[in-house]
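Asker: fold the following, please.
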Amino acid sequence: MAKVEVTNMTVLDNPTAFKNPFQFEITFECIENLPDDLEWKIIYVGSASSESYDQTLDSVLVGPVPQGKHRFVFQADPPDQRKIPPEDAVGVTVVLLTCSYKGAEFVRIGYYVNNEYVDPELTENPPPKPLYEKLQRNILASNPRVTKFKIAWD
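Answerer: Down below sits the predicted model:
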């Protein structure tokens with residue numbers, strides 16, 4: 001049985017400009033004291049064609065974690081646009097939040113992200129090179145994909 005259960009995840013500042021930070025309010029429950037840290041990560045999938053374009057936007061250690069309910073806001077800078085293939089900048093991608101204990105990932109929460117121009121002219125006639133300052137990021141917050149993994153907690 002998992003010793004940590006994510007009970008709520010709220011996407012903050014959504015939709016927002018592409019260049020704004022990602023912000024998630026994470027609520028989780030710990031059923032017993034954990035002497036070691038939980039490692040949370042935010043990962044931006046830069047292209048579906050290869051994991052080499054994935055960017056870990058930030059990671060944070062939380063712990064040791066006492067038994068009970070906990071909540072925090074996890075904020076990370078936007079992805080480095082130079083590492084995103086130009087043909088993948090506009091459209092749908094994914095952002096992942098993961099949590100690990102003692103190096104073992106036990107939960108992964110994925111959200112679809114739609115990056116699009118809000119200017120109708122740019123939508124109709126997109127420039128050959130993405131204009132990141134004109135893009136809006138919209139995370140489909142209502143439909144996260146949650147994957148849980150069994151790990152050895154001790």
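Asker: from here on, just use CA atoms for contacts and neighbour counts.
Answerer: OK.
Asker: packing partners for the one helix or strand residue 61 maps to?
Answerer: Assigned by DSSP states H and E, residue 61 falls within strand 55-62. Counting contacts by 3 or more C-alpha pairs under 8 Å, 6 or more residues apart in numbering; DSSP states H and E, strand 55-62 is packed against strand 38-45, strand 68-76.
Asker: ok, the last one: who's next to it in the sheet?
Answerer: Spelled out, that is strand 68-76. Next to strand 68-76 in the sheet, as set by DSSP bridges, lie strand 22-30 (antiparallel).
Asker: so for the strand it pairs with, mean pLDDT?
Answerer: Strand 22-30 carries an average pLDDT of 98.
Asker: quick one: it to chain centroid distance?
Answerer: 11 Å (C-alpha atoms, centre = their mean, to the nearest Å).
Asker: in it, what's buried?
Answerer: 22, 23, 24, 26, 27, 28, 29, 30 (16 or more other C-alpha atoms under 10 Å).
Asker: residue 106 is nearest to which of the helices and strands packed on strand 55-62?
Answerer: Smallest distance to residue 106 across the helices and strands packed on strand 55-62 (C-alpha to C-alpha): 10.1 Å, for strand 38-45.
Asker: show me what the helix or strand containing residue 113 is packed up against.
Answerer: Residue 113 belongs to strand 104-117 when assigned by DSSP H and E. Packing contacts for strand 104-117, counted by 3+ C-alpha pairs under 8 Å, 6+ apart, involve strand 91-101, strand 135-139, strand 145-148.
Asker: sheet partners, orientation included, of that strand?
Answerer: By DSSP bridges, strand 104-117 pairs with strand 91-101 (antiparallel), strand 135-139 (antiparallel), strand 145-148 (antiparallel).
Asker: residue 122 versus residue 97, what's the distance?
Answerer: Taking C-alpha to C-alpha, to the nearest Å as the measure, residue 97 falls 31 Å from residue 122.
Asker: among the two, which residue is more densely surrounded?
Answerer: Ranked by neighbour count (other C-alpha atoms under 10 Å), residue 97 and residue 122 place residue 97 first, with 22 against 15.
Asker: residues contacting the more buried one?
Answerer: 40, 41, 42, 43, 108, 109, 110 (C-alpha atoms under 8 Å, 6 or more residues apart in numbering).
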